[in-house]
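1. From the sequence below, what's the structure:
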Amino acid sequence: MRTTAVSGLAVLALAFLPAAQDRDPGKPTPTATEKKTIEAKVAAMQGLWRVREMKTPRLEAARRLDAGFVLVSGLTFSIELHTGYVAPDGKNVINKDFQSGMHRFEIDDSGFMETKTVIGSFYNELGLLQFEQPNKERRYEVKLGAEDMSWTNADGTSFLFEKLNEPKAVRRDVFGRPIPEKKKDAKEPK
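-> Down below sits the predicted model:
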């Protein structure tokens, strides 16, 4: 009796939740071949990437320093970009700027990626921290190489990333000493 009541309440509660949303109804469902292409692109994008070059018509390129990373995991990425300009003294960095955020993305079989902001922040024109509007959409053309990736959007902004290979994890004991790898045919002690 109690189990039936709990099950009934669970079903009733679930009925009030919004229905799961599939892809945008305006987008066609990819074919099996397109799905394989999309899955291959998403798989190739996974991991940590360093910004090797950033071009944008919004920022003067002369004396500009850029640093940035993007971490892609599943259909989500986190990105952080830092920019600044070498001061006339040649030693200091001035007009520092940054942007950081987490975004969900979809990519199609031809390499166009649509992103939506989950959370993000940046410095505005006054140098004050400002939060990015959730669900802000962006669109990039993505090109993937063996060890590099580029994103380009319609305003001419582009990023060239280089893949950072994951270091092999070394297991350590409580004293920080490396634990040797077990041979596959070795038996576990009982």
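
2. got the contact list for the helix or strand harbouring residue 140?
-> For residue 140, the host element (DSSP states H and E) is strand 137-144. For strand 137-144, contacts defined as C-beta atoms under 8 Å, 6 or more residues apart in numbering pick out 41, 44-45, 103, 107, 111-116, 149-154. Every C-beta, even on glycine, is put in place using the N, C-alpha and C of the backbone.

3. Same check on stretch 34-43?
-> 30, 74, 75, 107, 108, 109, 111, 142, 144.

4. Quick one: list the elements packing against the longest strand seen in the chain.
-> Ranked by residue count, the top strand of the chain under DSSP state E comes out as strand 93-107. Under the contact criterion of 3 or more C-beta pairs under 8 Å, 6 or more residues apart in numbering; DSSP states H and E, strand 93-107 touches helix 32-45, strand 76-86, strand 112-123.

5. Make a markdown table from the ones you listed and add mean neighbour count, distance to residue 168 and mean pLDDT to it.
-> Below are these laid out as a markdown table (neighbours: other C-beta atoms under 10 Å; distance: least, C-beta to C-beta, whole Å; pLDDT from 0 to 100):
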| stretch | mean neighbour count | distance to residue 168 | mean pLDDT |
| --- | --- | --- | --- |
| helix 32-45 | 14 | 20 | 94 |
| strand 76-86 | 17 | 23 | 96 |
| strand 112-123 | 16 | 30 | 97 |
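
6. Looking at the ones you listed, which is nearest to residue 52?
-> Smallest distance to residue 52 across the helices and strands packed on strand 93-107 (C-beta to C-beta): 12.6 Å, for strand 76-86.

7. Could you check the angle that closest one makes with strand 112-123?
-> Put simply, strand 76-86 runs at 50 degrees to strand 112-123, going by axes from the mean of the first three to the mean of the last three C-alpha atoms, to 10 degrees.

8. spatially speaking, which residue is in the middle of this structure?
-> With distances taken as C-alpha atoms, centre = their mean, residue 77 lies nearest the centre of the chain, 1.4 Å away.
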